[in-house]
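need a structure here:
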Amino acid sequence: MKHLTKSQIEELKNSLLEEKEGLERHFEVDKDRTEDGQIESERMSTGELTAVDNHPADLGTETFERGRDLAIDDQMNDTLDQVNAALERIENGTYGISEISGKEIPFERLQALPFTTYLVDESPHDNVSDYRPVEEDIITPAAKGSGENRQQNTGRFDDAGAWQAVEDYGVADSPALSAQREVHNYNDLAEGRDSNDNFTESVETFAANDIDGSNQHVEQGEAVEVYEEKGEGDTELQINEADEEVNADVEKADHRR
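Residues are numbered from 1 along each chain as shown. Next up, the predicted model:
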């Protein structure tokens, strides 16, 4: 500390005292906090009568804000400890000395960061994590536009697929309050109800057979009606009224024989 004059030490000490006062004032603002820095009651702070999960966004904002407050408090606690330690070093006569190399810390650096114990080239650097969530291995960006990009991503599990996977268990909506038209029951609320991602062709949604591959038949239902309304498939082999009349005449002729 010999490299610092009395006026410089006094200036740095005043900066530390101002920093300490501001940090202590932060923790005194909220009188409703407990000893560990948390709000006494979530119900009192949010106004929610219950925290039962009946919607994904019920307490989403409140949970985020609580986590951010705790992170800020934790960081300010660390800073307050460093400020108090710097004031103790001033009293002990060891202030302004690097704890790594023992060299004198320049006055200009102490002005910028009064509680530091490192030179500029000795200061530890925060490692930026390159960690990515494991879910990204299977979740792909939603296909946009047309052409090769859409063809590459068609049928892959993306954000829309994740929503459809959990949507089957129910949504916080009802047919009576839905903004969608042509909604008559809860099944109509599902966004992916018309999705045929698991089928190569539309005909596969109603064509069926038994476990041995025999007893081929058509499962009558909404899928058949939609298929017929859209006029999909090969109509050349479709039996029409004229074909039915011909078949009837053939059967009559067979009976006469």
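
Domain-wise, how is the chain divided?
6-43+57-122, 132-198, 201-257 (automatic domain parsing).

Quick check, E122 in contact with S101.
Yes - the pair E122 / S101 is scored as a contact, 6.5 Å apart, by C-beta atoms under 8 Å. The C-beta positions use only the backbone N, C-alpha and C, and glycine is treated the same way.

Pull out the buried residues from whichever strand or helix holds R68.
Using DSSP states H and E, R68 sits in helix 60-92. Buried residues in helix 60-92, counted by 16 or more other C-beta atoms under 10 Å: R66, D73, M76, L80, Q82, V83, A86, L87, R89, I90.

For that helix, name the packing helices and strands.
Using 3 or more C-beta pairs under 8 Å, 6 or more residues apart in numbering; DSSP states H and E, the elements in contact with helix 60-92 are helix 6-29, helix 42-46.

and the angle for it with helix 6-29?
Calculated by axes from the mean of the first three to the mean of the last three C-alpha atoms, to 10 degrees, helix 60-92 forms an angle of 150 degrees with helix 6-29.

Quick one, which of the helices and strands packed on helix 60-92 gets closest to E136.
helix 42-46 (32.1 Å; C-beta to C-beta).

mean confidence for that closest one?
Averaged across helix 42-46, pLDDT comes to 65.

same question, stretch 82-94
pLDDT averaged over stretch 82-94 gives 92.

and what of stretch 25-36?
On average, stretch 25-36 scores 66.

And stretch 229-244, by the same measure?
In this model, stretch 229-244 has an average pLDDT of 66.
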